[in-house]
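Student: compute the structure for the input listed below.
(2 chains)
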Amino acid sequence: MDNEQTASRTLGEPIVITDGVKKWFGDFQALKGVTATVREREVVVIIGPSGSGKSTYIRCINRLEAHQEGTIIVDGIELTNDIKNIEKIRSEVGMVFQQFNLFPHLSVLDNITLAPQWVRKQPKAEAEEYGMALLERVGIPEQADKYPGQLSGGQQQRVAIARSLAMKPRIMLFDEPTSALDPEMIKEVLDVMKELALDGMTMMVVTHEMGFAREVADRVMFFDYGTIVEEGTPEHFFTNPQHDRTKLFLSQIL
Amino acid sequence: MTDAMTAPELEFAPEPPPKGPRIWMRDNLFSTPASGVMTVVALVIVVLAAKGLLDFVFNPARRWDADTYNMKLLMVQAYPQDAMWRVWLTVGVIVFLLAASLAVWRIGGMAEPRKVATILMAFGGAVAFSGVIGPFSTPVQASLVVVGGIFIVGGWALKRFTGDNAKEPIIPIMGVIGILIVVLIAVIWVIKVPVPAKIIDGEVITDGAIAGQVQGEQIKVLRPIATSTTSPWTIIAALGLLTYIGFRVATRKGAHHRLKRALTGLWLLAFPVLLLLVLRDPYLDWEKAVQVYLPAFLFFAVLGAVVLWFVSKPGVGEVARVLGAFLLIGAFATILFPMPWVIRFLAIALAVFALAAPSFGGEGAKGIIGGWIITDLLITFFVFIVATESLVDVPGAFFLGGLSLTIVLAFTAIVLSFPLGVVLALGRTSTMPIFRLLCTAYIELVRGVPLITWLLVAFLMLPIALPSGVEIGGVMRAVGAMTFFSAAYLAENVRGGLQSIPGGQREASKALGMSTLQMTVFITLPQALRAVIPALVGQVIAIFKDTSLVTIVGLFDFLHIARQVIPAQSQPFSFLGSIKETLIFAAVVYWMFTFTFSRISLRLEKKLGVGER
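Tutor: Presented below is the predicted three-dimensional model:
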């Protein structure tokens, strides 16, 4: 990011610490010891070929997948099989999926206010007020009473982002948020994510959008075969990659 | 240069030239020689079938008087005549609720005059056609053709009259239905139906009490329908129409959520209240009420309020679940010790509320405590009026028989088996091994044995298996058997629905921090149920017809009366051998109900947007 924007966002203390995380799916080892630290207000973009373990890695952070070895600590809470810890971590971590995963039988506003009402026990009026504010923030307040099926892909993803934001998370995980979108709609979603970053949200984004990585990321991590091959600032990464595998991957993408 | 930003002007496809009926027939029925032959063959079959049906129905040897004379028997069996006002009151209340609901929920919509005209003309054509080929006397034939002609002309006039608007939906469907109801009521006042009669000393006697044991030649005569039937129906029809109009006018401006909620509450209450209080006429033991039921209600009200307030507090955590588990164990333990049933039911209900409260208690727990007080009141009230005898003097196991018994059995079994089926489905797909094993074993066992066998097991073996002092009446056993049976099938339907939900829905719910219970109730279950509505309605239809099996355990259901009771009657009028007529009548009535169910299912699917969202 350019200096003007970085100046307003000073990075805080480490908020996501993963140390030697290993994960197997049966006999197949998806993560072979991933060690990384994400600081508060940092935007980390994770890139890599398919099957490299990037999605598995961020899904381990909010326990959608369970890691078998290593430690994951989110905001001081260690991620173990203890359901209490898992619930506490999930309430601080929001996630946006490639397939949006909106609830099709509920209206857009209901999608956004369901969790705050029943998980945080917020009164309905308060939840709806905040929900409408979020819809305005992502640019689609007029769609509040529509159903997800009536929205375009870009609008649905923006609703998904608003839905995660409604729980006031401290960290947002993005699992290839624009991979299922038509090219014209990718920009509107990336713009919302950029706004979020500028407002100081800690973000871990798995994506193939190199433009977004160059513009918004504080750090880029390159995953391959279950480990982090290389990581660094966007300038370093895109202009002067060190490893051969990184160079090979970038030559295929750019 | 044209501005590339403006979209090209919209053009509409040219309207195809209107096709007259002759061209339509040529294109659809006679397009190829083969289809022409098929059309002719189909027409011949239709004409022969219609003629056969009409010949059968209007054959003078038919004993339709077996149905008309025994209508009360078929509907409510041996319900005492002086208590029949209770039955009419029940029907009236249901009609009132139905009319109010149709008005408030704006059910109906509009129809295009073109379609209505087509229906009128088709109906008229069918009437005239029947008049021509049916076994009627010439005056009747002529009048049928005339009536048919009137409808055809009426339909054509409607189309001409509305002219260009024929394609616009402007005819209110409920208005048409209202007119039909008025016409129907007028018709039953003047129409004559076949009734049995005996010629005694040269006089035609239709009164069963007088005809009695006296010898005489039995004949059929045509008489108007008795005022004991036409009057109540007229009053009820008038009530229904006025209620509908009244509620439509009252809800002119916008949706009324309070009214809808009130009506929903009334519907839920209507069935148990009408059945257990109005029709059953229980002996109200007020002494016992004050001694047992009132204290029970108050005790549990206070206890429940305290427990639920504590358990709904935001930071309470594990303690709430432990307390809920203890309450559940305590509730089941009450079955082991002798105590009034009301306490057992209240204990179980409180345990369920306590377990659900952490997931659903809102802020301040006001809602859930209010819900508990109401549930407490309802349980106490209903156990009070059930745990006592009925004052309706009816021979036999149950105070109802015939179609009313069929409806009660089916409705109760369906309403009770739905929650049980859902719980079983959730249990079978759960991650807890014991729960999963129990539910799977239940489903596989119950599904593997025919319903008749379960009815016999319930009827013959249950009294042996229950602890002493616990008694369950015959009808309750039948309802229990049907409920458990239906629940197993429903469980599998719901499980199919649950499996059809994409995994992303669960992931998104988990990522938002919802508990498994919240995810099930708000996300997966609604979508699962919506997806399997056809299967669920199929199960409802199956259970409705399966009620006919309870004749095995000695209950007088609708089919039993039609099949065995009426064709065996010989006093005061002989209906021996009238089984054809009674069975056809029973079949038509069953079909009317099940057809209504499937139409409701289609409407429900449309309203929930199945397949669209």
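Student: can you give me the strands for the stretch 51-200 of chain A?
Tutor: Shown for the stretch 51-200 of chain A, the strands assigned by DSSP state E, counting those that start in this stretch span residues A:69-74, A:77-78, A:93-96, A:171-175.
Student: buried deepest among these, which one?
Tutor: Of the strands of the stretch 51-200 of chain A, the one with the most neighbours on average (mean count of other Cβ atoms under 10 Å in any protein chain shown) is strand A:93-96, at a mean of 26. For the C-beta atoms, the positions are set from N, CA and C on the backbone; glycine is no exception.
Student: whether that one contacts chain B - can you check?
Tutor: Yes - if you take Cβ under 8 Å from any Cβ of the partner chain as the test, strand A:93-96 does meet chain B, through A:93-95.
Student: just put those in CSV and tack on pLDDT.
Tutor: Shown next, in CSV, are those (pLDDT from 0 to 100):
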residue, pLDDT
A:Val93, 95
A:Gly94, 95
A:Met95, 96
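Student: ok, those vs A:Leu134, which is closest?
Tutor: A:Gly94 (11.6 Å; Cβ to Cβ).
Student: relative to chain A, which residue of the stretch 51-200 of chain B is the closest?
Tutor: B:Arg106 (18.4 Å; Cβ to the nearest Cβ).
Student: burial count for that residue?
Tutor: Applying other Cβ atoms under 10 Å in any protein chain shown, we find 11 residues neighbouring B:Arg106.
Student: cool, and the one 4 residues further on?
Tutor: Taking other Cβ under 10 Å as the criterion, the count of residues near B:Met110 is 13.
Student: next, it: phi, psi?
Tutor: phi -120, psi 160 (degrees, to the nearest 10).
Student: and stretch B:210-219, which residues are buried?
Tutor: Within stretch B:210-219, the residues that qualify as buried by neighbour count (16 or more other Cβ atoms under 10 Å in any protein chain shown) are B:211, B:216.
Student: ok, which stretches of chain B are strands?
Tutor: Taking DSSP state E as the test, the strands found in chain B are B:110-111, B:171-172, B:192-200, B:203-205, B:217-224.
Student: flag whichever of those strands has the least confidence on average.
Tutor: Set side by side, the strands of chain B give their lowest mean pLDDT on strand B:203-205, at a mean of 77.
Student: does anything pack onto that one? Which helices or strands?
Tutor: Contacts defined by 3 or more Cβ pairs under 8 Å, 6 or more residues apart in numbering or on different chains; DSSP states H and E place strand B:203-205 against strand B:192-200.
Student: try 10 Å
Tutor: strand B:192-200, helix B:208-211, strand B:217-224 (3 or more Cβ pairs under 10 Å, 6 or more residues apart in numbering or on different chains; DSSP states H and E).
Student: possible to save the residues of strand A:93-96 next to chain B as CSV with distance to B:Asp82?
Tutor: What follows is the residues of strand A:93-96 next to chain B, written out as CSV (distance: Cβ to Cβ, whole Å):
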residue, distance to B:Asp82
A:Val93, 71
A:Gly94, 69
A:Met95, 69
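Student: return the member of these nearest to A:Asp145.
Tutor: For those, the nearest to A:Asp145 is A:Gly94 (23.5 Å; Cβ to Cβ).
Student: bridged to the closest one, which residues?
Tutor: A:Met172 (DSSP bridges).
Student: ok, it - contacts?
Tutor: A:62, A:115, A:160-161, A:163-174, A:201, A:203, B:511-513 (Cβ atoms under 10 Å, 6 or more residues apart in numbering or on different chains).
Student: ok, now A:Leu181?
Tutor: Here A:Leu181 is in contact with A:98, A:100, A:152-154, A:156-157, A:187-190 (criterion: Cβ under 10 Å, 6+ apart).
Student: how about the stretch 151-254 of chain A: which residue is closest to chain B?
Tutor: For the stretch 151-254 of chain A, Cβ to the nearest Cβ, closest residue to chain B: A:Met167, 6.1 Å.
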